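> Fold the following for me, if possible:
(4 chains)
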There are 2 protein chains.
Amino acid sequence: MSSTDPAPGLRERNRVRRMRRVERAALELALDRGVDHVTVDMICEASDISPRTYFNYFGSKEGALLGMGNAPHAQADVDTFVAARGHIVEDLLHMVARSFLASDPDREVYVMRRRLFAKEPELQGLQLARIAGRRQAMTRIVEERLAVERPELTEVERGDEAQLVVAVVTGAFPIAGRVWLELEDPGAEIDAAISEVMARVRRIASP
Amino acid sequence: MSSTDPAPGLRERNRVRRMRRVERAALELALDRGVDHVTVDMICEASDISPRTYFNYFGSKEGALLGMGNAPHAQADVDTFVAARGHIVEDLLHMVARSFLASDPDREVYVMRRRLFAKEPELQGLQLARIAGRRQAMTRIVEERLAVERPELTEVERGDEAQLVVAVVTGAFPIAGRVWLELEDPGAEIDAAISEVMARVRRIASP
DNA sequence: CGAGAACTTGCAGATACTGCAAGAATGCGG
DNA sequence: CCGCATTCTTGCAGTATCTGCAAGTTCTCG
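Numbering: from 1, shown residues only, chains lettered A, B, ... in the order given. Modelled structure (predicted):
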């Protein structure tokens, strides 16, 4: 289920191509006229797809605007994080970043999305709702690591600490994303962005 | 607009009473049958209100389940926070807590809400979406304080730092809320809960 | 008490979303 | 290349959410 499937097959390729087409159409329409002056029917007409299929793909009107929300983390990345012993926030940021890059993000779509978010801040709320499931999954993963790393904590304390770590990471990741965007060089440079953001995180809690 | 209005007036009192009645009915129904087997019409019938009025009050089906999302912070509390020079996260937690207590939270409804959230985690996502507006407002307030407290930061850095602070606080507040709930004594005890949570926040970023 | 403001309600309608079943595209073994 | 099974797309019909408007009702205040 990772991004390294050997033969995607025609069916899968068509699917991806169609989804991208719909996403683009939706973003263009939303940027042009504003989200709530766009209907699902418009998006479907613009991308030549049936409304029923639209919902099969994205589940909700905003689905095409928000993009990837459901793909779980690769087990290998999870294991790496659980076994790592660096700063837990930084390690988790790396896991999330790896997951993000694995989805083969389309830089152009990403930029459109950012512009749209700036234009209609309510979408950020929906984005948060969309990734709520991921937050829960992440919380469980962090708890797993804490169980071996800090066995002195009670179960409740572990849960609290995990929640806090996840909150910090979900707050910090978009910032790292922006920093990453400003660097021209794609790929490994995201590590630099993470280090930079980590420094800011440290500064906040220290004094 | 604060909670210290001298004479609420009959109109306002009716309004509050009715909203509470609707909230209770909605929570009971949702706990009983599950959120998506409850319709707005059911809630309205159970609480003897017209659907149109329901939407005037709560704006969305889930509004009655999630509770207060829109009331802005009292200007006095904001000023206090901006002028304070303690740990910025702790100060902001206090501001949020004051705002929360000012809404005169009904402990029983609060408990029902927590039970419902535990039963249907997707609601937590919607909750995040609902308070997204508050988060933005909080971010601006934090930026305001940072502008005077740390003038050496660039505008972008200020924005980033504010975002991080808000992320930490919105992550930490529910935990403080739970701790507060477990204390029998209502009222000022929320300060103790905040101190306790702050210690955990510090522990996370330090090593 | 009476004028005016604020609120509730019903109605009509647009839009979002879902289940179902038929039809089309694709994968696969012969 | 041909059927057969599988999976996906689509249309249809129906339900639920949400909104604007205008009329009726309740409250406020002088």
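> ok, how many other residues are close to A:Arg98?
When neighbours are counted by other Cβ atoms under 10 Å in any protein chain shown, A:Arg98 registers 16. Backbone N, C-alpha and C define where each C-beta goes, glycine included.
> Does it touch A:Ala76 like I think?
No: counting by Cβ atoms under 8 Å, A:Arg98 sits too far from A:Ala76 to count as a contact (9.2 Å).
> Run through the residues of chain A sitting next to chain B.
A:87-89, A:121-122, A:124-126, A:128-133, A:136, A:157, A:160-161, A:163-168, A:170-172, A:174-175, A:197, A:200-207 (Cβ under 8 Å from any Cβ of the partner chain).
> Checking the residue in chain A sticking out farthest from the centre next. Helix, strand or coil?
Relative to the C-alpha centroid of chain A, counting by Cα atoms, centre = their mean, A:Glu152 is the outermost residue, at 32.2 Å. With DSSP: H, G, I helix; E, B strand; the rest coil as the basis, A:Glu152 sits in coil.
> Show the pLDDT at it.
pLDDT for A:Glu152: 96.
> With A:Ala137 instead?
A:Ala137 is assigned a pLDDT of 91 by the prediction.
> what does the domain assignment say about chain A?
For chain A, automatic domain parsing gives the domain ranges A:9-60, A:75-205.
> Compare those domains and say which comes out lowest on pLDDT.
Across the domains of chain A, the lowest-scoring stretch is domain A:75-205, with a mean of 90.
> and that one, how far from the chain's centre?
Put simply, domain A:75-205 sits 8 Å off its chain's centre (Cα atoms, centre = their mean, to the nearest Å).
> Is that domain positioned near DNA strand C?
No: using Cβ under 7 Å from any atom of the strand, domain A:75-205 stays clear of DNA strand C, with a minimum separation of 9.9 Å.
> how far does that domain stretch from start to finish?
Distance across domain A:75-205, first residue to last, is 31 Å (Cα to Cα, to the nearest Å).
> can you check stretch A:59-75 too?
For stretch A:59-75, the first-to-last residue distance is 26 Å (Cα to Cα).
> Over to stretch A:174-193?
11 Å.
> Same question for stretch A:143-163.
9 Å.
> Just the buried positions in it, please.
Across stretch A:143-163, burial judged by 16 or more other Cβ atoms under 10 Å in any protein chain shown covers A:Glu143, A:Glu144, A:Arg145, A:Leu146, A:Leu153, A:Arg158, A:Gly159, A:Asp160, A:Glu161, A:Ala162, A:Gln163.
> I'd like these written out as a markdown table, with distance to A:Arg52 added.
Listed next are the buried residues of stretch A:143-163 as a markdown table, based on distance: Cβ to Cβ, whole Å:
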| residue | distance to A:Arg52 |
| --- | --- |
| A:Glu143 | 40 |
| A:Glu144 | 40 |
| A:Arg145 | 42 |
| A:Leu146 | 44 |
| A:Leu153 | 49 |
| A:Arg158 | 44 |
| A:Gly159 | 41 |
| A:Asp160 | 44 |
| A:Glu161 | 45 |
| A:Ala162 | 39 |
| A:Gln163 | 38 |
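> wait, which of these is closest to DNA strand C?
Closest to DNA strand C out of the buried residues of stretch A:143-163 is A:Gln163 (27.8 Å), distances taken as Cβ to the nearest atom of the strand.
> element containing that closest one, please.
Following DSSP states H and E, the helix or strand that holds A:Gln163 is helix A:155-182.
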